[in-house]
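A.B. asks: Okay, structure incoming, though there's no sequence with it:
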């Protein structure tokens, strides 16, 4: 297994090739999986929507691989010394795809009116905002109630997409017919969507950055079967397979093809982090020793090598190593079945069957659940896998009707945005699967997260987040699995596709195809 | 009986079918003795090709689990699902058909409308919906297969009963004052047994195919190692590990083939003049 | 005749309403609802967001009221709006219908033609090696899991031999028009239609053969033979015609299933048809869309049953159609 991975690692090095002069023209053929429900990013922000609509809509900022902000609709910005006022200066030559001029009024409408209504994740972050104003056509000012450390991290297109005020103001957002023909400011315009087949975007000739984008058009191919998606790449129908397009088992084989590059970059902003929810309320999983035993019982290195092609890292705790303020100074849980058995003996586990919910997103997750079940049974835990589809899974989690359940969530670059939500006790509420689903309650952890979010300096925040990570890792509220690696696979003559922390999602602005 | 065997064994295909089925049965029953390890156990490196290690002659799957062991335990599940769901379908279909055929009139009309109703929805689609709604488990799978496969039974039994109803001995039984239930159970149904047996043997085959198709769509019981599950799980790795889907596919094919051959043999032996009906 | 057709149409309408009602309750019994699914897909959602969605979809109303609203719409031939795809259900279905019909009808016609042909050939040479060969092959096709055959076909013809495209409806982005496009679709059609047709072919072959043999034992055939008619004439005029009755019945039944019966094939070959639409709608709890698919496929079955019955009456006036 490991031997096979060596040429694979070499492919990573090749992918960061030398830069040459970009070539104009050409078409990118890309897989999109699954078919997005809508391309109106102000209303829908799921993975596939962000990937396609990220070329149509833009945010004020982009982020590089180190999560440092870069200009997008905002060409520059300042933050006041007290950390309370954020001022953005916008480009003045931006037009919507329908020809209307883009101004600061659009930004205020999007952030203050539209997205507050429709974007649950942003809504939470905007609670720290006192006011959003537009002193002139090209300036927007956000005033905060108190300092909020991760604030500069919420201006990416999927988090705060800027949508056209002239189309949406005063309408019923969800039923606006314009939702089917999205109008943005981005480098590509929406042209055609044949449901079940493909989505076509074409070059925005009036794009405000001179000379960009380079490609004429992007074809997003809807191919519902994973094996067929791999065949599509092999037979040359598509040239780009964004992360997660093909089953992990196929990655190695496809990556070994000629003229094929692979990169696991472009996910730093998301930091996809996988774990099993453990129901802290009842059953064996309510006992911390049982939860620690689960950590020792799992062979996570095997899972990574057998199921994830050796990509990704074994997670050390709640924070991904690509997220800010990560710390590895925590208790380590290596694969140790004997330790697990000892812990189970100590707690007096009586053989009660625990129900395990796999994540209903494809074969890898199913296999992973089977592997974990086997790992646990080998230390004497009885496990029953409960099969369910996406709807059933969502409902069971939201209603806390499970013992253990696979999941993975994004971290959005900062623990205050994507980590705290899963552990703080104020976030326990039935009816949603995006909060503290496991029901973990610890006043110390709550206080540390609260303090860290509003601390002004990074040193202070690091100190607090290190403490909270140590506490959580000892308590094991959930069983952390892997920091997932989602490789983007593409023909090597596609250049500059993945240059930012969200990779393909806003990558076609800079991408070009070498002859 | 001897006569039956003579006629049955004259059909060479049927004998081959019985031979195959006996092998499958023996493997299913002896699986825990021959291969005591759980088929879910990760025993070797993943994707071990077949015939490369004596201990695991059919290789290993994506998690390093023994394919041969999976096949053996899978035989249990496939046969179980096939038999139980067929039995359940017969339990629904026979009374329906018998009542409809025996009483005729509005009873017949109502029951046949009901049957028609089930035949109006595409059966595989209905099975998918049922399993998805009641969440995949061995019980929901068996129930779904039974629910979509009883209508042909009802139709067959109805037809048979309808023709028996006007026979003299049935008329005589009615005149002698026997209760309807007694007549149906004692006089009518025993005479419909042969075509039912033939149909049932074919239904077991169809049920095994249906189970595998459901598993292939990701609607199998996640705690049961079945052939359909093995193909479903192997489908994404078919390019690098052909053996993972090939062997269970062959197992299904052979078992279904055997059941069909037996069905034909039974048909020849039991109703030499009766055309195959149902499907 | 007209009265008969009207009566049957009336009955069909009642069955349709009953099917929709049953399916309505079935799907609402499934865990989760479209709001939960969409919240799940959004990657983040709070109770407010979900409540908003439910209200927007009308899912906050009592179940019976929802059913009433839905049925009222259906009676006015309005199949409602897909929650997830943000489009009228009828549009979605009619967008997908041609692909499914192309696939299933071509598989159906090929298999009916080849299947009966093979069946007749086999029955004419009953007991000879060609009969054994045809019958064995038919049995083999009949016993092969459809999805497995499909996978193996893709592996062989698309991946290893590279003769035919292994998935999809047409080459996306090729922008063919006219004849070139038809040719392109035709190429994509071969593998799925062949695998789907293989199974049906086996069914028709077995049916035809059995039926031919049975009819050839009947008295009127014996009489014809006794009269000294040429065997080929007997075969054609006497046996074939009568033997086709059960085959036509079966074909009528199966023709009705053409809309909903290709889920597996469509999945393996990524064929953008109704079957896939149904499976997606089910997973997403897109109630209106799923009911719409069931409505269309059930209507198709009923229509074909009616057509078969009418044909029967025309062909053979002795048959009393209830």
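C.D. replies: Good, I have the coordinates. This one's a predicted model, so the numbers in the text were calculated from it and none came from an experiment.

A.B. asks: Quick check: phi and psi at the closest residue to chain C within the stretch 101-250 of chain B.
C.D. replies: Distance from chain C to each residue of the stretch 101-250 of chain B (CB to the nearest CB) is smallest for residue B:122, at 3.1 Å. C-beta coordinates here come from the backbone N, C-alpha and C atoms, glycine included. Dihedral pair for residue B:122: phi -50, psi 130, per degrees, to the nearest 10.

A.B. asks: ok, it touching residue C:258?
C.D. replies: No. Residue B:122 is beyond contact range of residue C:258, at 9.1 Å (criterion: CB atoms under 8 Å).

A.B. asks: quick one: the strands in the stretch 351-500 of chain A?
C.D. replies: Along the stretch 351-500 of chain A, the stretches classed as strands by DSSP state E, counting those that start in this stretch are A:354-357, A:383-385, A:404-409, A:478-483, A:488-491, A:494-495.

A.B. asks: May I see the ones you listed organised as JSON lines, with mean neighbour count added?
C.D. replies: Supplementary listing: these in JSON lines, determined by neighbours: other CB atoms under 10 Å in any protein chain shown:
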{"stretch": "strand A:354-357", "mean neighbour count": "21"}
{"stretch": "strand A:383-385", "mean neighbour count": "18"}
{"stretch": "strand A:404-409", "mean neighbour count": "22"}
{"stretch": "strand A:478-483", "mean neighbour count": "25"}
{"stretch": "strand A:488-491", "mean neighbour count": "24"}
{"stretch": "strand A:494-495", "mean neighbour count": "22"}
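
A.B. asks: can you tell which of those is closest to residue C:224?
C.D. replies: Closest to residue C:224 of the strands of the stretch 351-500 of chain A, according to CB to CB: strand A:383-385, at 64.3 Å.

A.B. asks: got a list of contacts for the closest one?
C.D. replies: A:353-358, A:369-370, A:372-373, A:376-377, A:404, B:222-223 (CB atoms under 8 Å, 6 or more residues apart in numbering or on different chains).

A.B. asks: mind running it again at 6 Å?
C.D. replies: Applying CB atoms under 6 Å, 6 or more residues apart in numbering or on different chains, the contact partners of strand A:383-385 are A:353-356, A:369, A:373, A:376, B:222-223.

A.B. asks: Show the contacting residues for residue 125.
C.D. replies: Using chain A here. residue A:154.

A.B. asks: Not quite, go with chain C.
C.D. replies: If a contact means CB under 6 Å, 6+ apart, then residue C:125 has residue C:131 as its contacts.

A.B. asks: First-to-last residue distance for stretch A:493-512?
C.D. replies: End-to-end distance of stretch A:493-512 (CA to CA, to the nearest Å): 8 Å.

A.B. asks: what comes up buried for that stretch?
C.D. replies: A:494-512 (16 or more other CB atoms under 10 Å in any protein chain shown).

A.B. asks: of all of chain A, which residue lies closest to chain C?
C.D. replies: Per CB to the nearest CB, residue A:391 is where chain A lies closest to chain C, at 2.9 Å.

A.B. asks: pLDDT score for that residue?
C.D. replies: pLDDT, residue A:391: 85.

A.B. asks: can you tell me which helix in the chain is longest?
C.D. replies: The chain I'm using is chain A. Ranked by number of residues, the top helix in chain A under DSSP state H is helix A:458-475.

A.B. asks: Chain B is the one I meant
C.D. replies: Using DSSP H, we find that the single longest helix of chain B is helix B:67-103.

A.B. asks: does it come close to chain C?
C.D. replies: No. Helix B:67-103 stays clear of chain C (CB under 6 Å from any CB of the partner chain), getting no nearer than 11.3 Å.

A.B. asks: That helix: how far from the chain's middle?
C.D. replies: Helix B:67-103 sits 5 Å away from the centroid of its parent chain (CA atoms, centre = their mean, to the nearest Å).

A.B. asks: Are that helix and chain A in contact anywhere?
C.D. replies: No. Applying CB under 6 Å from any CB, one finds helix B:67-103 separated from chain A by no less than 11.6 Å.

A.B. asks: Check which helices and strands that helix sits against.
C.D. replies: If you count contacts as 3 or more CB pairs under 6 Å, 6 or more residues apart in numbering or on different chains; DSSP states H and E, helix B:67-103 packs onto helix B:12-34, helix B:105-120, helix B:138-165, helix B:193-216, helix B:227-234.

A.B. asks: roughly how far is the fourth one from the heart of the chain?
C.D. replies: Put plainly, it is helix B:193-216. 3 Å.

A.B. asks: and the nearest residue in space to residue B:79 that is not next to it in sequence, what is it in contact with?
C.D. replies: Using CB to CB, 6 or more residues apart in numbering or on different chains and skipping residues adjacent in sequence, the residue nearest residue B:79 is residue B:28, 5.5 Å away. Going by CB under 6 Å, 6+ apart, residue B:28 touches B:75-76, B:79.

A.B. asks: how close does residue B:28 sit to residue C:141?
C.D. replies: Distance of residue B:28 to residue C:141, computed by CB to CB, to the nearest Å: 26 Å.

A.B. asks: Kindly report the same for residue A:224.
C.D. replies: According to CB to CB, residue A:224 and residue C:141 sit 26 Å apart.

A.B. asks: Tell me which of these two has more neighbours.
C.D. replies: residue C:141 (22 against 19; other CB atoms under 10 Å in any protein chain shown).

A.B. asks: what pLDDT does that one get?
C.D. replies: Confidence at residue C:141, expressed as pLDDT, is 88.

A.B. asks: Equivalent analysis for residue A:203, please.
C.D. replies: The pLDDT attached to residue A:203 in the predicted structure is 96.

A.B. asks: I'd assumed residue B:236 was in contact with residue A:247.
C.D. replies: Yes. If you go by CB atoms under 6 Å, residue A:247 and residue B:236 touch, sitting 4.1 Å apart.

A.B. asks: how about the residues of chain B that lie near chain A?
C.D. replies: B:40, B:46, B:62-63, B:135-136, B:222-223, B:236-237, B:240.

A.B. asks: Dump those residues to JSON lines, plus neighbour count and secondary structure.
C.D. replies: JSON lines is the format used below for those (neighbours: other CB atoms under 10 Å in any protein chain shown; DSSP: H, G, I helix; E, B strand; the rest coil):
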{"residue": "B:40", "neighbour count": "18", "secondary structure": "coil"}
{"residue": "B:46", "neighbour count": "21", "secondary structure": "coil"}
{"residue": "B:62", "neighbour count": "25", "secondary structure": "coil"}
{"residue": "B:63", "neighbour count": "22", "secondary structure": "coil"}
{"residue": "B:135", "neighbour count": "18", "secondary structure": "coil"}
{"residue": "B:136", "neighbour count": "26", "secondary structure": "coil"}
{"residue": "B:222", "neighbour count": "21", "secondary structure": "coil"}
{"residue": "B:223", "neighbour count": "17", "secondary structure": "coil"}
{"residue": "B:236", "neighbour count": "26", "secondary structure": "helix"}
{"residue": "B:237", "neighbour count": "23", "secondary structure": "helix"}
{"residue": "B:240", "neighbour count": "14", "secondary structure": "coil"}
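
A.B. asks: Columns distance to chain C on top of those, output as CSV?
C.D. replies: Compiled in CSV, those are given as follows (distance: CB to the nearest CB, whole Å):
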residue, distance to chain C
B:40, 23
B:46, 20
B:62, 16
B:63, 20
B:135, 7
B:136, 12
B:222, 16
B:223, 19
B:236, 11
B:237, 11
B:240, 11
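
A.B. asks: Could you tell me how many residues sit around residue B:26?
C.D. replies: Residue B:26 has 12 neighbouring residues, counting by other CB under 10 Å.

A.B. asks: Which residues are in contact with the nearest residue to residue B:93 once chain neighbours are set aside?
C.D. replies: Counting by CB to CB, 6+ apart, residue B:153 is the residue found nearest to residue B:93 once chain neighbours are left out, at 2.7 Å. Neighbouring residues of residue B:153 by CB under 6 Å, 6+ apart: B:89-90, B:93.
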